[in-house]
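**Student:** Would you be able to build a 3D model of this:
(one chain, ligands or ions: 2)
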Amino acid sequence: MVPLTLAEHGALAQARLPAVIWDFFEGAAGSEWTARANADAWRRHLLRPRVLVDVSAPDCGTELFGARLAAPYGVAPMAYHGLAHPDAECATARAAAAAGALLVVSIFAGRTLEEIAAAAPGGTRWLQLYWLRDREALAALVARAEAADYRALVLTVDAPKVGRRLRDLRNAFALPPGMTAANLAARLTSGAAHAEPGRSGIEEHSRQQFDPAVTWADLAWLRRRTTLPLLLKGVLTAEDAKLAVDHGADGLVVSNHGGRQLDGTPPAADALAEVVDAVPADLPVLVDGGLRHGADLARAVALGARAALVGRPVLWGLAHGGADGARAVLDLLREELLDTLVLAGRPALADLDRGALASRSPYI
Ligand SMILES: Cc1cc2nc3c(=O)[nH]c(=O)nc-3n(C[C@H](O)[C@H](O)[C@H](O)COP(=O)(O)O)c2cc1C
Ligand SMILES: CC(C)CC(=O)C(=O)O
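**Tutor:** Ligands and ions are numbered 1, 2, ... in the order given. The predicted structure follows:
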């Protein structure tokens with residue numbers, strides 16, 4: 001079967017993956033309400049098409065921090081791509097570069113930053129960080145990212161601890177043998193390899209490593225260590241968006257972590273406009289969570305996002321088809337986006353503004 005939708009890529013992946021790994025990918029915190037709401041919320045923004053517009057040459061290319069992308073899209077940072085496919089992040093890097101997409105590499109990648117860079121030299125890569133208790137390890141990663149031509153840093157700020165992910169707790173999820181965070185010393189992540197019944201190895205190693213005491217005041221320490229653009233990922237409110245700007249953030253990623261952290265937050269699509277409206281117009285705001293169709297990318301741009309990141313669907317493609325599968329997912333999103341631009345009579349990203357949407361109340 002040639003998958004014609006992202007959901008079909010998901011079905012192929014589910015058929016292939018061990019259930020506990022599928023659960024780790026797909027699962028979210030608590031009742032998983034926020035994770036479900038993420039996808040539903042994009043669909044509530046109905047598309048308002050314009051007609052008799054010349055749409056013979058649609059263009060969805062864009063530029064982000066000086067890099068050219070084939071569409072306003074990227075791969076969200078996700079830990080341990082090796083759980084999906086043995087070629088791991090190197091395959092994802094090849095897929096993203098071929099599709100003209102940004103790749104945000106997780107601090108918990110299973111391949112080194114240098115291996116990932118070498119796998120797709122022409123690609124646009126950023127590095128995602130969690131604030132580790134071990135600041136020297138963090139500083140060393142920043143230096144390596146700069147040397148390996150990573151173009152920005154993304155500090156994830158919604159994880160003072162890992163959310164309560166019931167599927168992982170039930171499965172006593174632990175990393176399989178040989179799966180490690182290649183960019184961190186083994187002592188920093190060894191807790192992920194074992195879990196007692198009712199516990200999760202991922203939760204355990206993040207408890208050991210994440211610094212829950214970090215505050216806005218600490219950001220200056222990171223800011224001083226790099227000339228790379230610094231984005232904060234996991235901002236959902238106007239208050240925090242303004243604080244981020246005051247503390248020198250160069251961009252934001254509106255995100256609830258795919259519903260994996262605090263269950264009950266607004267879906268990312270609903271938080272986006274609040275954040276966009278709170279920051280200077282030229283500050284790049286990205287978004288992730290629940291984008292499952294190219295039309296959702298159009299919706300994100302219409303609501304003010306400069307680009308959107310896609311998480312789980314890329315792992316679906318990777319799981320059933322390696323680099324080709326991940327690329328197929330990204331290419332499909334781009335084709336669907338172009339289709340949307342043509343049929344909505346808005347042939348360029350600049351034509352997408354809030355007038356392109358009619359936003360439907362969730363309560364009717
Ligand atoms: C398996 C998995 C691992 C993830 N690992 C990370 C991570 O290491 N760092 C991070 O900032 N976010 C991580 N995330 C969250 C994603 O970056 C992103 O916010 C979320 O998946 C987007 O939603 P989507 O999957 O609905 O597209 C992870 C998500 C998944 C599904
Ligand atoms: C290793 C985990 C903490 C990665 C993560 O952020 C996630 O699974 O959502």
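**Student:** okay, CA-based contacts and neighbour counts for the rest of this
**Tutor:** Fine.
**Student:** Show me the strands in the chain, by range?
**Tutor:** Using DSSP state E, the strands assigned to the chain run over residues 45-47, 62-64, 67-69, 73-75, 102-105, 124-129, 153-156, 230-235, 251-254, 285-288, 307-310, 357-359.
**Student:** Skipping adjacent residues, who's closest to the closest residue to ligand 2 within the chain in space?
**Tutor:** Across the chain, no residue is closer to ligand 2 than A79, which sits at 5.0 Å (C-alpha to the nearest ligand atom). Closest residue in space to A79, ignoring its immediate chain neighbours: F108 at 4.7 Å, by C-alpha to C-alpha, 6 or more residues apart in numbering.
**Student:** OK, contacts around R167?
**Tutor:** Residues near R167 by C-alpha atoms under 8 Å, 6 or more residues apart in numbering: D23, F24, G27, A28.
**Student:** nope, A119 is what I was after
**Tutor:** C90, A91, A93, R94.
**Student:** let's see it at 10 Å
**Tutor:** E89, C90, A91, T92, A93, R94, A97 (C-alpha atoms under 10 Å, 6 or more residues apart in numbering).
**Student:** ditto for S255
**Tutor:** Contacts of S255 (C-alpha under 10 Å, 6+ apart): 38, 156-158, 232-236, 265-269, 271-272, 286-290, 309.
**Student:** Now with 8 Å, please.
**Tutor:** Under the criterion of C-alpha under 8 Å, 6+ apart, the neighbours of S255 are K233, G234, V235, L236, A268, V287, D288, G289.
**Student:** what's the burial count for the second one?
**Tutor:** By that I understand G234. Using other C-alpha atoms under 10 Å, G234 is surrounded by 24 other residues.
**Student:** so what's it closest to, chain neighbours aside?
**Tutor:** Excluding the flanking residues, the one nearest G234 by C-alpha to C-alpha, 6+ apart is S255, at 4.5 Å.
**Student:** do you know how far that neighbour is from A57?
**Tutor:** Distance, S255 to A57, by C-alpha to C-alpha, to the nearest Å: 32 Å.
**Student:** Close to ligand 2: what parts of the stretch 1-150 of the chain are there?
**Tutor:** A79 (C-alpha under 6 Å from any ligand atom).
**Student:** Point out the residues in the stretch 1-150 of the chain that sit beside ligand 1.
**Tutor:** Counting by C-alpha under 6 Å from any ligand atom, the residues of the stretch 1-150 of the chain close to ligand 1 are F24, F25, A76, P77, M78, A79, S106, F108.
**Student:** wait, what's in contact with the second one?
**Tutor:** When you say that, I think you mean F25. Contacts for F25 were tallied using C-alpha under 8 Å, 6+ apart; they are R312, L315.
**Student:** pLDDT value on it, please?
**Tutor:** For F25, the pLDDT comes out at 98.
**Student:** ok, now the last one?
**Tutor:** We have a pLDDT of 96 for F108.
**Student:** contacting residues for V275?
**Tutor:** Per C-alpha under 8 Å, 6+ apart, neighbours of V275: V235, L236, T237, A238, A241, V254, V285.
**Student:** and the stretch 251-364 of the chain, which of its residues are near ligand 2?
**Tutor:** Residues of the stretch 251-364 of the chain found near ligand 2 (C-alpha under 6 Å from any ligand atom) are R260.
**Student:** Give me the helices and strands touching the helix or strand of the chain with the lowest mean pLDDT, please.
**Tutor:** Least confident helix or strand, the chain: helix 186-189 with a mean of 74, by mean pLDDT, DSSP states H and E. The contact analysis (3 or more C-alpha pairs under 8 Å, 6 or more residues apart in numbering; DSSP states H and E) places helix 186-189 against helix 201-209.
**Student:** Check whether the helix it packs on comes near ligand 1.
**Tutor:** No: using C-alpha under 6 Å from any ligand atom, helix 201-209 never reaches ligand 1; the gap is at least 10.2 Å.
**Student:** related to what we said a few turns ago, and which of the contacts of V275 is nearest ligand 1?
**Tutor:** Looking across those and measuring by C-alpha to the nearest ligand atom, the closest to ligand 1 is V254, at 8.8 Å.
**Student:** is it true that that closest one touches P284?
**Tutor:** No: between V254 and P284 there is no contact, the gap being 10.7 Å when judged by C-alpha atoms under 8 Å.
**Student:** Give the residue spans of the chain that score low on pLDDT.
**Tutor:** Counting by pLDDT under 70, the chain has low-confidence residues at 361-364.
**Student:** how about the helices in the stretch 101-250 of the chain?
**Tutor:** 113-119, 135-147, 166-171, 186-189, 201-209, 219-224, 238-246 (DSSP state H, counting those that start in this stretch).
**Student:** Appreciated, that's everything.
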